[in-house]
Every structure is written in structure tokens, then in C-alpha cells.
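Undergrad: How does the following fold in three dimensions:
(chains A and B)
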Amino acid sequence: MNNNNTEIIPSMMITDEEIDFRQYLSSEELSVIEHEVSIMETREAAGIEALKVVQKHRGWISDNSLIAIAQCLQISSAQLEGVATFYNLIYRQKVGHYVIHLCDSISCHLTGYDEILKVIQTYLGIGYGQTTPDGEFTLLSNVCLGSCDKSPAMMINGQHYHSLTNESVVSILNGLSQNAGENV
Amino acid sequence: MSDDVNGKTQNIKITIYVDDVPYQVSPDNNLLAGVLSNKLKLPYFCWHPSMGSVGACRQCAVTQYMDENDTRGRLVMSCMTPVVDGMRIGLTDKASAKFREQVIAAMMTNHPHDCPVCAEGGECHLQDMTVMTGHSARQYRGEKRTFTNQYLGELVGHEMNRCITCYRCVRFYKDYAGGKDFDVFGSRNQVYFGRQKDGVLESAFSGNLVEVCPTGVFTNKLFSAHYTRKWDLQSAPSVCAHCSIGCNTSIGERYGSVRRVMNRYNHELNGYFLCDRGRFGIGFVNSMARIRTIKGVNSTVDELSVGLFNEKKFAKEINKHSSESFIGIGSSRASFEANRLVKYLVGRENFSLGYTNQEMQLALRHKQLLVQYPQQSLTGMEHRVHQGSEAKEHDLVVLIGENIEQTAPRLALTIKQVLRNSAREKADSIGVKHWQDSAVRTYAGNTTTPLFSLQAQQSEFVQQANGALVLSVQQIITCVEHLTQMLKAEFISHIVVPLKTQQSNPESNATERANQGCSSQESVGKDLSDQESEFLLLLANALSQAKMPLIVTGLSLKSPKLLSAIDNLMACLSQKSHVFSPELTVVAPECNSVGNLHFLDEHNLSIEQIIKRCSASSAENKAASTSLLILEQDLAQLSHQQLQQLRQHCKTMIVLDHTKNKLTKMADIVLPVAAVSESNGHFVNYQGRLQRFSSAHIAVKPIMENWYWLGLLAKHLFVHQEVNFSSLTQLQSFFAEDGEPWALQVLTCQQYNRHVARQTHRASGRTAMTANQSVHECKTFLENGNNQEDFRYSMEGDNANSSPNMPYAWAPAWNSNQSIFQYQQEVNGELNHQGNENLLNLSLSVFFDDTKEENVDEKLEKLWPCKVFKRDGDLTLIQNIPWFLAEQQTRNLPEFILMFVGNSIEMSTELATQNGHCSGDVLKLVIDGQQLFGKVKVNEKQPRTVVLVSLFDLPMSINNVVITAKNMSKATTEEVTEFQQIEHNRKQTAQQEKADILTRLKKQDQIVPISFIIDESKADASEAEGKPNA
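TA: Below you'll find the model as predicted:
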């Protein structure tokens, strides 16, 4: 779609008809989606929740997941794509186990964001929008995490880390890397 | 959309003060619309006169003051601000002017510097607004946001970097036109408008993105490929020739080739939008299949040479046929004038409309409906009608037996807006005005006006209808007849069955009622299915609750019986009560079908009668046999046998046409006529509206206008000495002298066109353009065809806006089509100049003077017998070809062929199982000796007796014909290969033709080599000088 996305190779494109959402989505996913649908005014209103639940199970929203959810909600995949790409916490590309959202808005800029970014990039060896080769970390920017009083800040998998210093960032990442190692 | 902005409704105005100057504005619209209605310059992007306001672009900011003592004021977005009496705003104050300039500055940080290579340049709303705000220097030095563009099909180009995020495209495509495959993605500085993935835009209205987009994100690919700036185009006001709606278009030409079609605002019909068949279909005039030479007039070199025509030689040759007696066949895709002339030349006893017996009956039924039920304009359907103090709008839509998405796409777009009536009403009830677009949509959600659909095929409307049935034509008729009976019973007894009880027990009620209806109708042998009864009960109930239902039908199913059933239904509805005003819309098959109804009388010959007459005379006496003069006709609906008979028994066959077809192949004499872009005349639309179309350029001889050819034939073949026309106006005056009212009507209107220049006053290369052919300045008119009585082929002359038919839209500081508001009484209202409001007066007196209704059937059957014998087990074939191939003239446009997914044959599960067909099989369908192949699609929802076909080689005029299962057989392996080859070749040929056309056109633009000029100089020098575009 935009230049941040990897290019879609035509032969790999799957037409909407080739996916049956009943088979594609797990029963758990389906039941959560149907529950959300039941408490919404219209079926399409469950779009965000549906994307969230599928992402929770699969880590990200692939093209096929998008098509399946759209089918389930009886809306066009274009309409759901509009929702999915609007929210920065819905991932439309494969992400690592840990997704780092580093705040780059004004307060963090004033309190050493540049340094923190450098440290993270050096530590992980990746830039914005990239994932480490072991599939553990993805680095993304975030406009504001609402922690201006405790800046610089970042968020990893929903958890906020405040008043970051070059040292604290390294120790946080170290800790997570070890966790990751243990998980494997 | 903006119902009350309609100029015909109440005109109560209030006063607002703009920079302390009082102005009158309509209280029903927003401040921006009010300011623009007073022709003031206020920049805007996201607001659209027809789509309302969303406040997305912040460009239309003005300062609003509390009162005359307030000097500070506050910024408001004028498109989101309602007007109140005595309101004071500032337009030229520093604060708002600076704000508007900075909005542009922000947009410009991302907008590329590619105006020189942008197809929008010169008619770009963004350019206009940038100049208007005074933003003339670039301060931003940073990087620009960039995107990857998408492939959106053959018609619309995509250049996302130019986007200024006004959201107009998605609001049009998705919200207004109901498209599903286009949306807006991302957020903040990365907002992207397009499809979810690359692919052809599905909507039949995608071309409007070109005009809706204020800059060059969406461009007309055909125009870009062979490009000219707007200011260099020679434009003429035309009328779309590709369906019966008669949308107004502006055709742009340069160097003798048509470049594009743009919307030409017509308040009553197309408003701001066209369908893609109308916009891109014009390409047919540049096609390789155009006839460019005379055939069959003892061709000497002179006659064959392009650019030349020798009248003396032609006269001598054609005069040889003057002893023959001629039958003239008119055409529903040729102008009204040309048809009138054909009828005059051959006499009414020898005139035919090229209809078969069945089509004659159909035409008469059509005429009968038109005489009784005045047809509303598209705007009339969409807007509220004020009857006295009461405002009315359509509260129910019923589509019967016409797939308007296929036959009249622009009407389908209107119906989509009609279906939003109840949403607007709902919003209105809490004080949300109609122009608050996003608020109305948010509040009303999915609320739609009830829609019922009774069709022979699936369509988008079928999917969103409150009730929909897909049935065979016979069943549709049965249903309409039952419905009429049910309503009759209801209206008489005044019983309205509550909806709930109906739903709980549909069968018993329906059967009871159906029986009442059936008793008098013995011909209706078939009982209704449960599904049908339920549907009819719902529909009858909806009809009895509605105040102003709109019933839409048409002729494409070719069933006279259906039209007479609709007639009965309307008669029944009209009796209901005075507060109930049902409206009927009948879609006609072609652009001038309704015009030809004017010529319909009992003397009209059907094709069968012509064959009979020809064969009788040829049997009697070889020398005295009959000849045919055929005007722009394919006669594609005829069987092979009928065509052969026609050919064998007629002595000389003279065909006038613009593109090669079966008839031109078998004709003795073919005279090349000008296509719509090169000719003048009137088309009569579905309502009976006589609309003038003018030529954008003069065709290269020997291609000449149909009426001019007919004039020559009158002189030299028919020896009508009184017929001597050198202009269309003379032809019209000739008939006006005979007291024909249509001619008097059109003559009054045409006087406005005098002296108006077709070229813009900025056209470049005025004398240099054709210097390779002649150093003399081109004449601004020609000796034949148009002269001073019409628009000029020049940049000299009156402004475009001095005619009601503006060749193009332009106003100082407004270079895009959005300039049209400068010439409207108020935005979205009627044009200042009104001059195209002629309605053709159709009369049935010749037919039904003393014939009672019951005898009409008999009389018709006597005049034009067409009993269709149908046995049980017979199938009907229904056309399901997509909208872009549903019109014969545009069917061979390479871009449209490339959009076609391939031949298909769709049938019910039952039929497929019976005959052992599966989805994906290739079938051979034999129709009239012609073998056609198509892939099987099995559709469980389809009625058993209907076979839906989408076959490229089957003309649209063959519809609702009887076939048997035997006509369809599984293709053999060789045949499957043949089928694949055909499908492959069609695309290949189209690709090749697309390239060839472009090469030819580009070559034509270039300087003609000197040697070529020397060759040509052998010819008559005066001839060569007369035509600037050779």
C-alpha cells in the first residue's frame, strides 16, 4: 500500500473468495468476534475488536486474516483495511515477539529521545520498522505515549517504561532478551 | 443531495453581511454555499455542491463577527456553518486570509512540483486555490511524503503523491456511489486513498474521481495517453449517446481527434456526475473499425482518398439507383433530425424503425406509458417536490424487470441517492441539515428508503433490497399482475393488513389474495410460490403505506406484456387517492429510442414486413424490386436467416454508418457518417427531452454528417428538389415551415449558440496549428455543415457561458470544471441560461382514437404479430453482460474489452445437475447457428428456466429469447482449446488495437511530411484548404 509496506507480488495475492473465514478463524476467535457483534449496533462496528482478538492470537494481521475478518463481519476488505491501518497498535506486517514503541514527540525529544533511539538501534542492530533476525524485537516510533511528565518513554507489549536513560534501556532490553531466550 | 437548493422550490432568502456588504443567501444551505452562490471567491476543497460538507480540509475558513461592533471575530469553517439572518463575516480580513494561505502552505509541503507533467495542470482546482490564497513562495525545505501508486484498471490513473487529503474521492466512490472496493487507509501524514490491493476499480462511476479530485491524483488514462491541456482543447456541448438518460457531456478535441469527455452540468439530468460508459466510451470514435471511405459508388481514386469528396461524381453514380423504390430504416442511435429526414424521403408507408414485430409492439407499449405517465428528470427523482405546502419525496423504490446498473448506470446512481431519502429525513428530525454529510451518515446509519426488486438477474440492488426476487420474465409478469389484483382489492376495501400479521402467516394470506386476483386472469396458469406470495404481500403493503413510490422499469427484457402489466399496475396505483402520487420511469434501449416513438404509427414497417414486401416484389418482377436505405443500424437482433432474406430480396442496400458491422459488410453502398463527436442534431432522452449535441470537430471527408448525406441522397437519388440543406438549421426550418412543433422548439433554442467559440481564448497555435497544410488561417466555418448559425471552430467568438449549452466550463480564476457555480443561479441549482428544456410532445391519437384498451392487444397482434411459442422445459436467455459492454457502439473499445473477465453462462443448480454441468465447465451455446462458448457458473439463487449469459459476441439487443437445454452442450476438448484461444485472442487484439490507435492518433498530431503534402496537392486545392483537421 504505502512505501513502508513490502511490495505485494501479484502471484502471491489471494483472492477474497479463496478464504473461508469459518475455517480460517479459530473457534475461540470467532466466538469473541460474535460476542462483540452481539453488543454492537451494527456488525461492522466490531471491526476493531475483531482485529484485536485475531492479533492477540496470531501476533499480527496478515492479508488473509484481514480478508477472513472482513468476510465474517460482512464488510469489504478495503473498509476493514481502513480501520486496521488507522490504528498504530494493529500490526499489518509481521512483528517480533516484543514490539517497542518509542515515543518521539516533543517532551521526549527535549529529554534525550535521540540518545535513547541510538542506544536501542545499536543494541538491536535494527532501525525503525525493522525486526531483529531472531524475530524477537520490532522497533516502532510512537507519537505520544501520554507520559510527558516522565519522559523519555517507551512501551513494549503494552507495558510502559518511563524516565529512560541509556543504561536503563539497555537493562530493560537485556532482561527481555533473556526472557526471550528462556521462552525458546 | 441538497434537496431544497433546487431552484424550483421556495426561494425565501436571508441577508448576511460579507465584509459589511449585504448578500442574499438561502437559509437551507451552509455559509460556503451561500458565499459561492453570490459568486464570491472563497477557496475550498472537501466541500462538494452535491456531496455536502465534512469540514476536512480547513480551507474555507472565514471570520465570523458577533455584530457590527465586533472587530476581532473568530475563525469558522464556512462549509460547516449554517447561515442566520444578519450574520456578519469577513472574507478579506487579515486573519482568515492568512489562515487560508497557511492551509495551502501546509498542503504544499507534500504536494510534488510536477505540474508540467501532471494531466490536471491548467484545470487544477489546487492550482486555482493556491493562486487565490496568494501563497506564492515555498518555504518548506524538508522531505516530502511519498507513496507507491496502484494499478486501478484501464480507465483511471493513480498518483498518490499529489494527494492533499480532502477525502472527496472516498466520499464519492464509497459514500455517494456505493463502491465497496475503495477506501482510505492510514492516519496522520500517511493517509492513502485507493484499493486494498492493486486491481480494477469495480464501480461504474470511477471516472468521476477524475473530476471530483481537486488535483491530479486520479486522472483519465485515455486522456493522459494522448494528452492536450484544457486550454488547447476545442470543445463542444454534446449529449451522451450510450444510453437513454441523455447525460450532457463536453467533448474535447485537438488535431482532429477526440481526446476526452467531461461532465457538462445539467441541473435536470446528470448534475456533476457521469457514468464510465459515457466518459470513456467516446473512444469508439477513434477506433480502427471506423468507416473512413465510401464503398460501392464506382470507386475511383478520388472517392477513396481520405479527405476528398467529389459531389458531381457521387451524384452521377447514385443517380443510377433513382428508379428503384426505397424502404427507409431509421435508427434509435441516430439523431432525431436524420430519422425525420429518412421518413420524409421515403414516405411514411415505406418507413421503418428497424424493429421486429415484437419490438414494434414493445415500442407502442412504451409510447403508451410515456404518454400517460410523465417521466421525471433525475433531479426530480432525487429532490423533494413541493406540492403546495407539502414537501414530498420518494419513500419507496420498486425496480421491475430492468437492470439499470447495466442499461442506464447514471440512473442507478440517482436511485442510490433516492434510497437515502429516509436517512436524510431521520437526520432532519433532530435538526441535522442535509448538507452535514458525515453527521447525516453517522446518525442515520444504514437507514435506507424501502427498495423492492423484481428482476431477471442478480444485481447490487437485489442484494440491498428489502424484498427481492430473481425470476423468469413470465413469472415477473405474473407477479406484477397479481400485485395489481391485490392492490385493487385493497384499495377498494381499504384494508391494510398490518405488516406483523403478514409476516407471521404469509402463506394463507397470500394465497387468499392471490386467488382473488387469479380468478379473473385465466391466462395466469401458474401458481405463485410461497416466496413470491410473501414478496408480493410485503410489496403490496409497502405500496399502500407509501406516499410517493417510484417504479422503475424498462425495455431491455423485450416483453410488451410486461409493459402492459406495468401499465395496469400504474392505472391501479393512480386510482388510490389524491395524496398518493406514484411515479414511473421507463428506461429506453438507446439514446434516441424515445425520439423514434414520435415517428411510430400504424404504417411503420417491421423487419418481417420489409422482408415480406421485398420478397414479394422480387418474386413479381425482378426489375421493380425494392431497395433499402439503412441509417445507422446494426439490425443485430435479426437472425442469420432474416438478414440473408433481407439481403437477397432487396435490390440495392445503402447503409449509412460510422463503424463496420455485419450490415456494412453486406451492403452495396456504404456511406461513412460522422459519429456523435463530429455531428450535430438532437437526441430525445427517456423523458422525451430534446437535447442538442454539437460537433467538437469536423470529420475528414468523405465522412460527413448523416443529415448531410441524406440531403445529398434527396437531391441525387430521391430527386426531392425542395430538399436543399447546407446546414442543420435549414433542415429544421424546412420542417418548421411545415408546422412541426419540435422544429419550432429547437430553432428557438439554437439561436443562443450563435457566435460562441469552441476553443478557449487561450488556445495556442491558432494559425500555426495547421501551417504544415496551409499557411492561410483556417476558416472558422465550412461551406457544408455548420456555419455561422452555430458554435465556431475558433478561439474567436463569444464566451462559452453565453450559450445555455456551454462547450466547456471556465471562469476567471476558476479553471477546473468546478467553475460551473459561476453560471448557476445558486450552487447546485439551475444554470443562468436556460434553453434546453424542450420536451417532445408524443401523441397516440393515430392509434387509440377509438380503440378500447382491451382491443389494443388484438390490434397490435394484427399489425405486428409476434406470438412467442414456449414449451415447458424451454429456457430463456437473459443478457447479463457488464455495463461497459452493454451498449453496442462502445463494445469494441479496447479498454472495455480488457476489463471483461470472459464469457460466462450462469444457470440454476437444478438445471446444471440435470444436464451434468458443473461450475467451471466450458459450454457450447448455439444460438441461431452461431457457436458461442462460455464458462459455466452455477448459482443456487437463480430460477430454473433462466440462463444468464455474458457473451461478448452476443449483441445486447438479443435478450429474453427462448432456447432449450439442447442448445447447450459440453464443449469437446478441441472446443475448449478454441474457447481459450478466442478469449486469449480477444485480449491480445484489444491490447494491440489500443496501441495501434494511440500510434495512429499521435502520428496524426505530428507534422505531416512534405512529401505527403505534395501527394495531396494533386487534389482539388480548394477542397484541401477547407478542412483544417485532415
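
Undergrad: for residue B:820, what are its contacts?
TA: B:265, B:272, B:809 (Cβ atoms under 8 Å, 6 or more residues apart in numbering or on different chains). In short, each C-beta sits where N, CA and C put it, glycine included.

Undergrad: before we move on, what about residue A:38?
TA: By Cβ under 8 Å, 6+ apart, the contact list for residue A:38 is empty.

Undergrad: among the contacts of residue B:820, who's most crowded?
TA: Neighbour counts for the contacts of residue B:820 (other Cβ atoms under 10 Å in any protein chain shown) peak at residue B:809, which has 25 neighbours.

Undergrad: quick one: pLDDT of that one?
TA: Here the pLDDT value assigned to residue B:809 is 95.

Undergrad: Residue B:294 too?
TA: Here, the pLDDT recorded for residue B:294 equals 89.

Undergrad: What are the phi and psi values at it?
TA: The phi and psi torsions at residue B:294 (degrees, to the nearest 10) take the values phi -80, psi 140.

Undergrad: quick one: it and residue B:671 touch, right?
TA: Yes. Proximity of residue B:294 to residue B:671 meets the contact threshold set by Cβ atoms under 8 Å, at 6.1 Å.

Undergrad: Now the common contact residues for these two.
TA: Going by Cβ under 8 Å, 6+ apart, residues that sit against residue B:294 and also against residue B:671 are residue B:702.

Undergrad: between those two, who's got more neighbours?
TA: The residue with the greater number of neighbours, taking residue B:294 and residue B:671 and applying other Cβ under 10 Å, is residue B:671; the counts read 29 against 22.

Undergrad: Show the subsequent helix or strand relative to the helix or strand harbouring residue B:359.
TA: Residue B:359 belongs to helix B:357-372 when elements are defined using DSSP states H and E. Next along the chain after helix B:357-372, taking DSSP H and E as the criterion, comes helix B:378-382.

Undergrad: Tell me which stretches of chain A form helices.
TA: A:21-24, A:27-39, A:47-58, A:63-73, A:77-86, A:106-110, A:113-124, A:166-183 (DSSP state H).

Undergrad: With the stretch 651-800 of chain B instead?
TA: Listed in chain order, the helices found in the stretch 651-800 of chain B under DSSP state H, counting those that start in this stretch are B:662-666, B:706-716, B:728-737, B:741-750.

Undergrad: on that earlier part again, compare the helices of chain A and say which comes out lowest on pLDDT.
TA: Comparing mean pLDDT across those, the weakest is helix A:166-183, with a mean of 86.

Undergrad: Determine the set of other helices and strands touching it.
TA: Packed against helix A:166-183, as judged by 3 or more Cβ pairs under 8 Å, 6 or more residues apart in numbering or on different chains; DSSP states H and E, are the following elements: helix A:113-124, strand A:154-156, strand A:159-161.

Undergrad: With respect to burial, which of the ones you listed scores highest?
TA: Highest mean neighbour count of those: strand A:154-156, a mean of 21 (counted as mean count of other Cβ atoms under 10 Å in any protein chain shown).

Undergrad: Tell me which of the contacts of residue B:820 fall in helices.
TA: Under the assignment DSSP H, the contacts of residue B:820 contribute nothing to helices.

Undergrad: Output those of the residues you listed also counted as contacts of chain A.
TA: Checked against chain A using Cβ under 8 Å from any Cβ of the partner chain, these give no members in range.

Undergrad: Out of these, which is nearest to residue B:206?
TA: When those are compared for distance to residue B:206 (Cβ to Cβ), residue B:272 comes out closest, at 14.9 Å.
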